[in-house]
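Asker: the sequence and its predicted three-dimensional model are supplied below.
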Amino acid sequence: MRIEDRIKVAYREEAGVISVPALADKRARARIERLLKTKQGRSAALSRRAVKWALAGSLALLVMGFTAQYFVRIGDDRFSMEMAIVDEVKFDAHKANLVRQQLQTVRNQLAVGEKALVYSSEIESLLPDYRSKDLYYAEYVSNPYLFTNYGQWKERLADLVPQLVLPDERSSGLVFVSGKDELAFGGFVTEMDVAKRLQTEVADKGTALAWEKITRSESLFDSYTSSYKDASGDELSFTVQVNKEGSKFVSLTQAQSEKLKLSDGREALYAFNDKFLYSDTNRYVSLSWVDTQAESPVLYTLGSFSLSMTKERLIAVAESMVAQQIKAEPAA
């Protein structure tokens with residue numbers, strides 16, 4: 001069996017049946033479920049297993065059949081994170097810069113707390129061919145409320161995330177900048193009806209950019225991001241993502257990934273990406289690990305756009321957090 005076929009078989013066995021998030025509109029849900037039914041076949045064994053997936057941006061493209069070269073995974077049956085390494089994600093530095101300018105233009109027009117989807121020909125050019133999968137895509141942009149008082153932010157998170165540990169400013173040499181109730185960058189796109197309207201507007205009217213505000217009554221999961229800077233001015237973000245039991249988070253990426261272990265034995269996933277849309281440097285380095293707490297699985301991610309940020313620096317900050325957590329745990 002070819003290695004590509006072995007990967008596909010292993011992935012099907014791991015993923016089981018994919019359930020569509022409730023946030024997806026009815027038309028999108030029906031389209032995804034129809035394609036999934038075709039892809040999964042009639043395996044009774046697989047149909048008895050269910051894994052909840054978050055459609056993170058172009059993750060839908062992976063699910064619908066884009067071939068991954070390999071997967072890097074951390075976590076367990078309660079929650080896992082996978083990076084699907086692919087070569088079908090397109091990237092052009094000039095177009096990426098144009099897209100960032102477009103997103104900023106829309107962000108400047110949003111009131112605090114508002115969200116929107118944005119579409120342009122430049123955005124489409126950076127993605128694989130999703131139209132052949134009968135899917136539509138747009139970029140997510142928001143203007144979130146920023147918490148700038150560290151004491152209030154820390155106290156607030158303590159009520160929202162059990163056993164939370166934030167980077168220690170003193171030992172890590174970091175200074176808190178702000179906190180927000182969302183991911184560090186980008187966002188989840190499930191409103192395919194809106195994405196389709198935006199695509200049609202650009203195609204039919206010849207406009208350079210189309211966007212539309214969106215309202216969401218619920219989220220796929222709760223996420224909180226704290227932003228810091230060090231003495232050199234390098235930025236560092238720390239995202240806490242609270243997940244549902246039995247869920248799986250998958251990202252479609254061209255990043256160089258490496259699995260490693262922290263001092264307490266838990267697995268961590270380091271990634272280096274120099275073709276990253278959401279960074280003015282086109283660079284993003286990150287370190288993620290999973291904490292399957294009794295209440296809910298939590299995914300921690302340290303990340304930075306800074307050109308001078310190193311893997312060793314990320315590990316050092318993560319280790320200081322792990323040490324804090326161990327110290328805070330009650331003796332058995």
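Answerer: Cool, the structure landed.
Asker: alpha carbons only for contacts and neighbour counts from here, please
Answerer: Fine.
Asker: looks like residue 268 contacts residue 262 (just checking).
Answerer: Yes: with contacts defined as C-alpha atoms under 8 Å, residue 268 counts as touching residue 262 at a distance of 6.7 Å.
Asker: these two: who's more crowded?
Answerer: Ranked by neighbour count (other C-alpha atoms under 10 Å), residue 268 and residue 262 place residue 268 first, with 22 against 15.
Asker: right, and the helix or strand after the host helix or strand of that one?
Answerer: In this assignment (DSSP states H and E), residue 268 forms part of strand 267-273. Counting by DSSP H and E, the next helix or strand C-terminal to strand 267-273 is strand 284-292.
Asker: give me the helices and strands touching the strand or helix carrying residue 197, please.
Answerer: Take DSSP H and E as the rule and residue 197 turns out to sit in helix 192-205. Applying 3 or more C-alpha pairs under 8 Å, 6 or more residues apart in numbering; DSSP states H and E, one finds that helix 192-205 contacts helix 26-40, strand 115-119, strand 210-214.
Asker: ok, back up a step: flag every buried residue along the strand holding residue 268.
Answerer: Of the residues in strand 267-273, 267-273 count as buried by neighbour count, 16 or more other C-alpha atoms under 10 Å.
Asker: only alpha carbons, please: show it as PDB.
Answerer: Only the C-alpha atoms of strand 267-273 are listed here, as PDB (Å, rounded to 0.1, in the frame of the first residue of the first chain):
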ATOM      1  CA  GLU A 267       3.400  16.300  24.800                       C
ATOM      2  CA  ALA A 268       3.700  19.700  23.100                       C
ATOM      3  CA  LEU A 269       3.600  20.700  19.400                       C
ATOM      4  CA  TYR A 270       6.100  23.200  18.000                       C
ATOM      5  CA  ALA A 271       5.400  24.800  14.600                       C
ATOM      6  CA  PHE A 272       7.400  27.200  12.500                       C
ATOM      7  CA  ASN A 273       5.600  28.800   9.600                       C
END
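Asker: each with direction, which strands does it pair with?
Answerer: With DSSP bridges as the test, strand 267-273 is paired with strand 256-261 (antiparallel), strand 284-292 (antiparallel).
Asker: now those strands as JSON lines including distance to residue 322, mean pLDDT and mean neighbour count?
Answerer: Conversion of these to JSON lines gives the following (distance: least, C-alpha to C-alpha, whole Å; pLDDT from 0 to 100; neighbours: other C-alpha atoms under 10 Å):
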{"stretch": "strand 256-261", "distance to residue 322": "12", "mean pLDDT": "85", "mean neighbour count": "15"}
{"stretch": "strand 284-292", "distance to residue 322": "10", "mean pLDDT": "86", "mean neighbour count": "22"}
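Asker: of all these, which lies closest to residue 150?
Answerer: strand 284-292 (22.7 Å; C-alpha to C-alpha).
Asker: so after the closest one, what's the next helix or strand?
Answerer: Scanning forward in sequence from strand 284-292 by DSSP H and E, the next helix or strand is strand 297-304.
Asker: who touches that next one?
Answerer: For strand 297-304, contacts defined as C-alpha atoms under 8 Å, 6 or more residues apart in numbering pick out 78-79, 235-245, 284-292, 314, 318.
Asker: quick check: next helix or strand after that strand?
Answerer: The helix or strand immediately downstream of strand 297-304 is helix 311-328, counting by DSSP H and E.
Asker: can you tell me the average pLDDT over that following helix?
Answerer: For helix 311-328, mean pLDDT rounds to 84.
Asker: between it and strand 267-273, how many degrees?
Answerer: 150 degrees (axes from the mean of the first three to the mean of the last three C-alpha atoms, to 10 degrees).
Asker: tell me the angle the one helix or strand residue 98 maps to makes with strand 115-119.
Answerer: Using DSSP H and E, residue 98 maps to helix 93-107. Per the same axes, to 10 degrees, the angle that helix 93-107 makes with strand 115-119 is 140 degrees.
Asker: for helix 93-107, buried residues please.
Answerer: Those would be 93, 95-97, 99, 102-103, 106-107, for helix 93-107 by 16+ other C-alpha under 10 Å.
Asker: what is it packed up against?
Answerer: By 3+ C-alpha pairs under 8 Å, 6+ apart, helix 93-107 packs against helix 121-125, strand 139-142.
Asker: most packed of these?
Answerer: For these, average neighbour numbers computed from mean count of other C-alpha atoms under 10 Å are highest in strand 139-142, which has a mean of 23.
Asker: which other helices and strands contact the helix or strand following that strand?
Answerer: Downstream of strand 139-142, the next assigned helix or strand under DSSP H and E is helix 150-160. Contact analysis of helix 150-160 by 3+ C-alpha pairs under 8 Å, 6+ apart lists strand 174-180 as its packing neighbours.
Asker: could you redo the last one with a cut-off of 10 Å?
Answerer: On a contact count with 3 or more C-alpha pairs under 10 Å, 6 or more residues apart in numbering; DSSP states H and E, helix 150-160 meets strand 174-180, strand 222-230.
Asker: can you tell me the average pLDDT over it?
Answerer: 90.
Asker: hey, C-alpha coordinates of the helix or strand immediately after it in the chain in PDB?
Answerer: Next helix or strand after helix 150-160 toward the C-terminus (DSSP H and E): helix 169-172. The C-alpha coordinates for helix 169-172 follow below in PDB (Å, rounded to 0.1, in the frame of the first residue of the first chain):
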ATOM      1  CA  GLU A 169       5.600  38.200  34.000                       C
ATOM      2  CA  ARG A 170       8.600  38.400  36.400                       C
ATOM      3  CA  SER A 171      10.300  35.100  35.600                       C
ATOM      4  CA  SER A 172       9.500  35.300  31.900                       C
END
